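**Q** Take a look and give me a structure for this.
(one chain, ligands or ions: 1)
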Amino acid sequence: MLQAAAVGRIWRFWVCISIARDVPSYVIDHVIHHEFHHRKLGVKVVNGRRIAHTPEFGVEERSFEHYHEAQAFLTKMSMEVQ
Ligand SMILES: [Zn+2]
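**A** Below is the predicted model of the structure:
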């Protein structure tokens with residue numbers, strides 16, 4: 001979950017990122033990478049349910065060179081917020 005540390009949303013051709021605390025640049029890059037892959041891959045509809053985080057999306061997302069560091073940072077931050 002991207003709660004509090006960095007939250008990205010894609011709206012048409014814009015990506016808006018809200019940053020609540022100091023966040024390393026690789027985390028911002030990770031959020032942008034994540035959101036642009038939503039734009040690239042779109043949403044699949046399965047049994048009437050919209051699925052954005054497909055296995056294909058996961059492969060693309062993990063191709064970001066600092067994926068694991070960014071995910072670890074976001075996980076740690078989300079645990080501190082709770
Ligand atoms: Zn997403």
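**Q** and His66, what does it touch?
**A** Tyr26, Asp29, His30 (Cβ atoms under 8 Å, 6 or more residues apart in numbering). For the C-beta atoms, the positions are set from N, CA and C on the backbone; glycine is no exception.
**Q** Show me which of these are buried.
**A** Tyr26, His30 (16 or more other Cβ atoms under 10 Å).
**Q** Please narrow the contacts of His66 to those residing in helices.
**A** Using DSSP state H, the members of those that fall within helices are Tyr26, Asp29, His30.
**Q** Show the contacting residues for the first one.
**A** Under the criterion of Cβ under 8 Å, 6+ apart, the contact list for Tyr26 reads His66, Glu69, Ala70.
**Q** Run a quick neighbour tally on Ala72.
**A** Residues near Ala72, counting by other Cβ atoms under 10 Å, number 12.
**Q** From Leu41, how far out is it?
**A** Per Cβ to Cβ, to the nearest Å, Ala72 is found 24 Å from Leu41.
**Q** try Val23
**A** 25 Å.
**Q** now the protein, which segments are flagged as low pLDDT?
**A** Along the chain, segments meeting pLDDT under 70 span 1-21, 81-82.
**Q** Tell me where it has helices.
**A** Going by DSSP H, the chain shows helices at 25-41, 55-61, 67-81.
**Q** tally of neighbours for the residue nearest to Pro24 when sequence neighbours are not counted?
**A** Using Cβ to Cβ, 6 or more residues apart in numbering and skipping residues adjacent in sequence, the residue nearest Pro24 is Phe73, 6.5 Å away. Residues near Phe73, counting by other Cβ under 10 Å, number 18.
**Q** Touching, Phe73 and Val23? I think so.
**A** Yes - applying Cβ atoms under 8 Å, one finds Phe73 in contact with Val23, separated by 7.5 Å.
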